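Visitor: Pasting the sequence and the predicted model now:
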Amino acid sequence: MKNETIILKCDKDDFKDICEIINDAASAYKGVIPADCWREPYMPESKLADEIRKGVIFYGYKEDGDLVGVMGIQDVQDVTLIRHAYVKTIKRNKGVGGKLLSFLCVQTGRPILIGTWEDASWAVRFYEKHGFQAVSKSEKDRLLKKYWSIPERQIQTSVVLVDKKWFSINYKKAI
């Protein structure tokens, strides 16, 4: 029997599950990102609540009623950011992240930007596989300072990937 799967907007009843998924999946970053950027838990409940208050809307991928992956979307100024994309460790590499990303990409007509840790090569490859392209270091620094509220150390150790809309809109602005 095939699993029943659904993508839906998360609500307050999903809060603890979202936090658990993020902290489970973020264990992949331990020892990869700079030690001074790692914390336990990776995302405390208070930080997750703050992200939601700041406008991150989470969508979840459910299999047979069990939340197995989450991904946030946030409109900031003239772009949409993909935020906090995580899949339970035991469900990785089964298409969950790709389905969530594809779903969120059609939710907006704005350019989409994604920030992730530069040394998380698997994450960078995932986004590239789905049509996103890394920008130059100087453009990355500019975008992270303009659209995100993150520490300088995280800016130094991150990468920004953008979709095709970003290039077409910014090309038109340059003309």
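Guide: Now that the structure is in, tell me what you want to look at.
Visitor: Every contact and neighbour count from this point should use C-alpha atoms.
Guide: Will do.
Visitor: give the contact list for residue 10.
Guide: When contacts are counted by CA atoms under 8 Å, 6 or more residues apart in numbering, residue 10 touches 57, 58, 59, 60.
Visitor: That one and residue 85, how far apart?
Guide: 13 Å (CA to CA, to the nearest Å).
Visitor: Also residue 36?
Guide: Taken as CA to CA, the span from residue 36 to residue 85 is 21 Å.
Visitor: cool, residue 100 as well?
Guide: 9 Å.
Visitor: can you map out the strands along this protein?
Guide: 5-9, 57-63, 66-76, 79-87, 112-117, 133-134, 158-162 (DSSP state E).
Visitor: Not counting its own residues, what contacts the fifth one?
Guide: Applying CA under 8 Å, 6+ apart, the external contacts of strand 112-117 come out as 33, 79-83, 105, 123-124, 144, 154, 157-163, 165-166.
Visitor: The same query, at a cut-off of 7 Å, please.
Guide: 33, 79-82, 157-163, 166 (CA atoms under 7 Å, 6 or more residues apart in numbering).
Visitor: who's residue 61 bridged to?
Guide: residue 7, residue 69 (DSSP bridges).
Visitor: Now do the contacts for the residue most central in space within the chain.
Guide: Centroid-nearest residue in the chain: residue 83, 3.2 Å away (criterion: CA atoms, centre = their mean). Residues in contact with residue 83 (CA under 7 Å, 6+ apart) are 71, 72, 73.
Visitor: same thing with residue 84?
Guide: Contacts of residue 84 by CA under 7 Å, 6+ apart are 71, 72.
Visitor: Now do the buried residues in stretch 128-141.
Guide: With burial defined by 16 or more other CA atoms under 10 Å, the residues of stretch 128-141 counted as buried are 132, 133, 134, 140, 141.
Visitor: Determine the number of other residues adjacent to the spatially closest residue to the fourth one that is not a sequence neighbour.
Guide: Closest residue to residue 140 in three dimensions, ignoring its sequence neighbours and counting by CA to CA, 6 or more residues apart in numbering: residue 160, at 5.4 Å. Residue 160 is flanked by 23 other residues according to other CA atoms under 10 Å.
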